[in-house]
Structure formats: structure tokens, C-alpha cells
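S.K.: Got a predicted structure plus its sequence, pasted below:
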Amino acid sequence: MSERNETAILILALFTTLGLVAGALWWFGQGGIKLTDLDKNPVEPINLPTSDTFAQVTDIPAGLFSYGGSTTWAPIRGIVDPTIEIVHPQFRLRYTDPTTGSPGSGSGIKMLLDGQLAFAQSSRSINDQELSRAKARNLQLKEIPVAIDGIAIAVHPKLNISGLTLVQLQEIYTGKLTNWQQLGGIDLPIVPYSRQINEGGTIEFFVENILAGADFSSNVQFITTTTQALRAVAANPGGIYYASAPEVVSQCTVKSLPLGRKPTEFVTPYQEPFVALSQCPNQRNQLNSAAFQSGEYPITRRLFVIVKQDGSVDRQAGEAYARLLLTAQGQELIAKAGFVSIR
């Protein structure tokens, strides 16, 4: 074989190899093989609807469907559900409180497993105990993320510190830090407030992710509702409380603190510059949506629609509700309710 022919063959082989590599890279990039999130919970992939409006969503069942769960969801329910029922009047929705105990993510999931609800709303992932309870009943639960939320820290307006790290926040609620002087403030006892751990997904999320499962300190004062807790903080210069960011950031009587994983990485839950509370309610601080969506803000979470995988009309209702929330119209309404779009 001549040297010219050998060179031509080598060049042809090189181009063939490059073509195969390029094709493989394209296939991987288009989803030929994807790394899977090996989460312990069956999280539904976020397959966003192609429809932009509620009217374009099909397969909406007819009937009256009870649902319940997270109190964090209240602003979303208030703005989204009436609009859904105008567009799809056959899809009637009824929020249902538990017969005993307080409403929350945990009680909603329990009611779902007990057959009291068509679907549930949660501000945290399904936990191991709930998965075991579902398995014992030959059921499988699916969680569909539809929005992004975060935890904001409320303090008295006159408290003058630059922010808190997650470690410092943990040490406040576990009793290792007891005076604001230890954090660069004035000599003033820290008075941490919380709801009880069984009273909602926000508290469960906080205990698991911030306290790392540790118990609350004996100096934590338990209070029934976020409204009561925010009033207590507004009246107590040493008070501190945590709650869903939309419930805290726009308040006129308390301020929210910047948080960081490190002292040099404080991120505000509100859009800067901070609006002085003296301007409230004519002007209110707005949620720092960009930092929540990017994950720059250190305590973010997703809000889920929880559905039973039992092939019933209840499953159809829960999945339809999630699809509606994931439309462009649904995400816009979620943003108007003070939360962050997931798309």
C-alpha cells in the first residue's frame, strides 16, 4: 500500500472516531443517559407542562376533592385555588383541617394515608416513618415539587447584628449561645421562639436540617402560631423566631436577618437595599427570589404536592393539581403569593 493511501486511511479513521465521540456526547447531553438523584424518597421529576395557562391543562377530573397539610401553603391556596375553579369549575377543591391536633405537613400526609384526603401539601420531603407507614398499607407516595421557599429569621427591629451563620443559629436553639453580646450585639439575653416539632413541616425541616436532629434547648419558648410568635418577637428586644420567608420578610414589626454558611457569606432573604420599617406598609421588603432560586441563600426548600400512587381518581386529582401549578400561569401565581418559581 502506498504512503499516500495509508495517510488517507488514517485521516478517514480519525474523522470517523471524532464523529462517533461527538455523536455520543450529543446523545448524553440530550438525555440518552442521565445521572439519577438516588434520593430515599420517590421525587417526581419536574416535567414542566407544555401548556402556559390553566385552560390548556387537560385530564382534570370532576368532583369535590379534599386536601390539606402545610400551613406554609396558605398564601398559595388563597390565590391559586379560586383561579383554578374559575377555569375548571368541575374540579372543586376543599381544604380540610385535621380533626385533632394542628394542621401541618405531617398531619396532611397522615390524613392522606388514612384516606381522608385526595392529596396533601407539604413544606418538606416525605420522611422514613411516613414511607414505612405507606408501605405497611401497600401504598406508595409520590412527592411533586412545585415551588421554592426558604426559612427566614425574625428579630426585633432594634437588634443590631450583621447576621447569623447556620452554626450560630443552631447554637442559639440548642442553648450554646444565650446572649446577643456573644454575637456582637448588646448585653441582652436571647429569647428563642418556636412552634412544637409536631406542628408543621417548617419545624421538622428546621430540626432536621439546622439542629441536625438535636433537641431544642430548655430556654426555647414554644408558641402556637407564627402570628403569635412574630408579635412576641416585636415586643421582646431579645427575641428570635424562624418561619417561611414570605411570612417574615414583608413584616412591618420585625426584621429578617442575613444568613450565611460562613461569617463572610451573609445573604439577605430580602432584596437590597433594606426598606426601613418606618416606610411600612406603604413600602415593604420583597423576597430575594434570585438568591432563593440559585441556592445562594443558605436555607431553602421545596414545596411538594403529595400523591398516593393507587390508580384512583384521587391520584388523578393530585397530579392534575401539580400540573396546574407547574404551568406558567401557576408559577406566576405562586410568585404573587410570595414564593419562588421552580422553573
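M.R.: Everything's here; your move. Quick caveat, the model's predicted, so the values are computed rather than measured. Numbering: from 1, shown residues only.
S.K.: What ranges in the stretch 51-200 of the chain fall below the confidence cut-off?
M.R.: Along the stretch 51-200 of the chain, segments meeting pLDDT under 70 are nowhere present.
S.K.: any idea how the chain splits into domains?
M.R.: 54-148+301-341, 149-294 (automatic domain parsing).
S.K.: Make CSV from those and add mean neighbour count to it.
M.R.: C-beta: built from backbone N, CA, C; applies to glycine. Below are these laid out as CSV (neighbours: other CB atoms under 10 Å):
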stretch, mean neighbour count
domain 54-148+301-341, 19
domain 149-294, 18
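S.K.: Which residues are in contact with the nearest residue to Ala55 once chain neighbours are set aside?
M.R.: Closest residue to Ala55 apart from its sequence neighbours, by CB to CB, 6 or more residues apart in numbering: Val87 at 5.3 Å. By CB atoms under 8 Å, 6 or more residues apart in numbering, the contact set of Val87 is 53-55.
S.K.: If we use 10 Å, what do you get?
M.R.: Residues in contact with Val87, defined by CB atoms under 10 Å, 6 or more residues apart in numbering, are 53-57, 60, 324, 329.
S.K.: all strands for the stretch 201-343 of the chain, in order.
M.R.: Using DSSP state E, counting those that start in this stretch, the strands of the stretch 201-343 of the chain run over 221-222, 239-244, 255-256, 259-260, 300-308, 340-341.
S.K.: for these, which one sits closest to Leu287?
M.R.: strand 340-341 (7.0 Å; CB to CB).
S.K.: ok so, going back, tell me the phi and psi of the residue nearest to Ala55?
M.R.: phi -80, psi -40 (degrees, to the nearest 10).
S.K.: helix, strand or coil for Ile94?
M.R.: Just so we're on the same page, residue 94 is Arg rather than Ile. Of the three states, Arg94 takes strand according to DSSP: H, G, I helix; E, B strand; the rest coil.
S.K.: of all the contacts of Val87, which comes closest to Leu277?
M.R.: Gln329 (33.5 Å).
S.K.: and the residue lying closest to that closest one once chain neighbours are set aside, what is it in contact with?
M.R.: In space, Gln329 comes closest to Thr53 once its chain neighbours are excluded; the distance is 4.7 Å by CB to CB, 6+ apart. By CB under 10 Å, 6+ apart, the residues touching Thr53 are 87, 324, 327-330, 332.
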